[in-house]
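*Asks:* Starting from these lines, generate the structure:
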Amino acid sequence: MPTILILNGPNLNLLGLREPHIYGSTTLQDVENICIELGKQHNVTVDAFQSNHEGQLIDRIHEARNKVDLIVINPAAYTHTSVAIRDALLGVSIPFIEVHISNVHAREQWRHHSYFSDKAVACIVGLGTFGYEAAIQHATLKQFKDLTFRYKRGDYGEVIYYYESLPNPILVVVL
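*Replies:* Below is the predicted model:
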């Protein structure tokens, strides 16, 4: 059975408590439980790990080598600072999806830069904690052979990505 590892960086252990006007009221445990259940529906094992310490995240990435098929990572504040986590991800050659709960591009200028986005197979920002579910859905959809991935421009210049050949298409909107 394929395995997905969800990695969460600093302060995400406070999800649901810290700045709910930005990050919402859903807890990290809630997110993990939802993703684990979603994985079961698609015959995928989902494991989760959170740390406030860069070295522990790097160690967990190294441990994932040859055991994990995909990493879903919310590096949190390390997004803008950690070449070391980037190098660890590249070193183990596991594809990864970068997730951010808030739209980092609509926040402070320093949050706009990511050391991960250019190497990620997908980036999901601004969908709240649903972004984790979207990442799991995206990863499991890649198992379908006749899936047609399309995109188009919306009325406001946004890019809309969707899977055409699904009975209930999933939309990802990039502003």
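*Asks:* okay, CA-based contacts and neighbour counts for the rest of this
*Replies:* OK.
*Asks:* Need the contact partners of the host helix or strand of residue 123.
*Replies:* For residue 123, the enclosing helix or strand under DSSP states H and E is strand 122-125. Identification of contacts with strand 122-125 by Cα atoms under 8 Å, 6 or more residues apart in numbering yields 96-104, 117, 131, 134-135.
*Asks:* strands paired with that strand, and their directions?
*Replies:* Using DSSP bridges, strand 122-125 pairs in its sheet with strand 96-100 (parallel).
*Asks:* Domain map for this structure?
*Replies:* Using the TED database, the domain parsing of the chain gives 3-143, 148-174.
*Asks:* Mind jotting down where the helices sit in the chain?
*Replies:* According to DSSP state H, the chain carries its helices in the segments 20-23, 28-41, 54-64, 83-92, 130-141.
*Asks:* Could you provide these in CSV, with additional columns for mean pLDDT and mean neighbour count?
*Replies:* Formatted as CSV, the helices of the chain follow (pLDDT from 0 to 100; neighbours: other Cα atoms under 10 Å):
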stretch, mean pLDDT, mean neighbour count
helix 20-23, 77, 14
helix 28-41, 95, 17
helix 54-64, 98, 16
helix 83-92, 98, 17
helix 130-141, 89, 20
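*Asks:* Tell me which of these sits nearest to residue 47.
*Replies:* Among the helices of the chain, the nearest to residue 47 by Cα to Cα is helix 28-41 (7.2 Å).
*Asks:* what about residue 19, neighbour count?
*Replies:* Each residue near residue 19 was counted by other Cα atoms under 10 Å, and the total is 11.
*Asks:* ok, it - contacts?
*Replies:* Residue 19 touches nothing, counting by Cα under 8 Å, 6+ apart.
*Asks:* So what sits opposite the residue positioned nearest the centre of the chain in the bridge?
*Replies:* The residue lying closest to the centre of the chain (Cα atoms, centre = their mean) is residue 99, at 3.2 Å. With DSSP bridges as the criterion, residue 99 is bridged to residue 124.
*Asks:* Tell me the one of the contacts of strand 122-125 nearest residue 27?
*Replies:* residue 101 (12.0 Å).
*Asks:* what sits against the closest residue to the closest one other than its chain neighbours?
*Replies:* Excluding the flanking residues, the one nearest residue 101 by Cα to Cα, 6 or more residues apart in numbering is residue 128, at 4.2 Å. Neighbouring residues of residue 128 by Cα under 8 Å, 6+ apart: 23, 24, 100, 101, 102.
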